[in-house]
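Chemist: here you go, sequence then predicted model.
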Amino acid sequence: MITNLLIACALMVWDPSTNATSYDIYEDMIYSATVTPPEIGICRVAYYTSSIYYVVGINAGGESTPSETLEVQWVADADFDDNGFVGFADFGSFSLAFLSTSSEHDLDGNGTVGFSDFGLFTQRFGKCNDGVIEVPCP
């Protein structure tokens with residue numbers, strides 16, 4: 001029985017390729033999907049992993065050269081106060097939830113806030129994020 005499910009999503013958007021009628025998306029070198037507009041939404045359950053994506057334009061003449069690759073780092077949102085920075089206020093919130101079943105603080109999704117969650121939290125401490133991926137701090 002799944003008691004807690006953590007999902008992160010990202011939207012990939014790119015400039016249209018000349019004469020492309022559709023685009024094939026590849027994830028970790030494996031075909032993933034075909035889309036018509038130059039964008040795709042991708043969601044994952046796994047946190048603290050990364051995936052590499054590239055796009056190939058398709059038209060009646062065949063395929064374009066693959067795009068440059070994009071690496072997406074999937075990370076749990078440890079910014080509990082939603083200010084864009086994982087800091088001491090977030091640590092206070094996390095410490096109050098330690099050994100509880102708080103789904104917000106259960107970063108590894110196993111149903112309990114424990115030491116593995118603390119390890120994941122410390123990896124995020126002092127970093128900025130947008131709720132889905134790590135971003136450079138201003």
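Modeler: Sure thing, it's come through.

Chemist: when you work out contacts or count neighbours from here on, use the C-alpha atoms and nothing else.
Modeler: Noted.

Chemist: any stretches of the protein with poor pLDDT?
Modeler: Flagging of the chain using pLDDT under 70 yields the residue ranges 1-8, 45-48, 75, 129-136.

Chemist: what segments of it are helices?
Modeler: Ranges of helices within the chain are 88-97, 115-124, based on DSSP state H.

Chemist: nearest to Val72, out of these?
Modeler: Among the helices of the chain, helix 115-124 comes nearest to Val72, with 15.7 Å by CA to CA.

Chemist: who touches that closest one?
Modeler: The contact list for helix 115-124, computed with CA atoms under 8 Å, 6 or more residues apart in numbering, reads Ala78, Val86, His105, Asp106, Leu107, Asp108.

Chemist: still on that earlier bit, let's have the helices of the chain in TSV, adding distance to Gly57.
Modeler: Putting the helices of the chain into TSV (distance: least, CA to CA, whole Å) gives the following:
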stretch	distance to Gly57
helix 88-97	43
helix 115-124	36
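
Chemist: closest one to Gly41 among those helices?
Modeler: Of the helices of the chain, nearest to Gly41 by CA to CA is helix 115-124, at 24.0 Å.

Chemist: what angle do that closest one and helix 88-97 make?
Modeler: If you take axes from the mean of the first three to the mean of the last three CA atoms, to 10 degrees, helix 115-124 sits at 180 degrees to helix 88-97.
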